[in-house]
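Engineer: Next comes the sequence, and after it the predicted model I'd like to discuss.
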Amino acid sequence: MTVPQANYVVDKQGQKIFVQLSIQEWETFVKEFERMKELLTMKNKLKNAFRDVRQIQKGQKKGTTLNEFLNEL
């Protein structure tokens with residue numbers, strides 16, 4: 001992803017208070033942001049799944065057999 005061309009609106013002290021992007025750059029930013037959110041969600045689900053597997057292997061948590069899982073559907 002390329003760095004968007006941004007225009008900044010500053011206050012009297014020169015502090016940035018707003019940013020302006022072209023519609024195309026804004027839409028690209030939103031799509032990339034959504035993609036990153038999905039990746040983070042997937043990462044967290046995998047992290048939890050691996051934690052569950054470790055707990056099952058240590059006997060700290062009861063696992064579910066494939067038949068039990070399928071019967072719940």
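Structural biologist: It's in.

Engineer: Lowest-scoring secondary structure element of the protein by mean pLDDT?
Structural biologist: helix 66-72 (a mean of 90; mean pLDDT, DSSP states H and E).

Engineer: Leu21 - how many residues pack around it?
Structural biologist: 14 (other Cβ atoms under 10 Å). To be clear about C-beta, it is placed using only N, CA and C from the backbone, and glycine gets the same treatment.

Engineer: Let me see the contact set for it.
Structural biologist: Pro4, Gln5, Ala6, Asn7, Phe29 (Cβ atoms under 8 Å, 6 or more residues apart in numbering).

Engineer: taking those residues one by one, which sit in helices?
Structural biologist: Residues of the contacts of Leu21 located in helices (DSSP state H): Phe29.

Engineer: need the contacts of Leu21 in TSV with neighbour count, pLDDT and distance to Val53, can you?
Structural biologist: Output for the contacts of Leu21, formatted as TSV (neighbours: other Cβ atoms under 10 Å; pLDDT from 0 to 100; distance: Cβ to Cβ, whole Å):
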residue	neighbour count	pLDDT	distance to Val53
Pro4	13	76	41
Gln5	9	87	46
Ala6	11	89	44
Asn7	9	93	50
Phe29	13	92	36
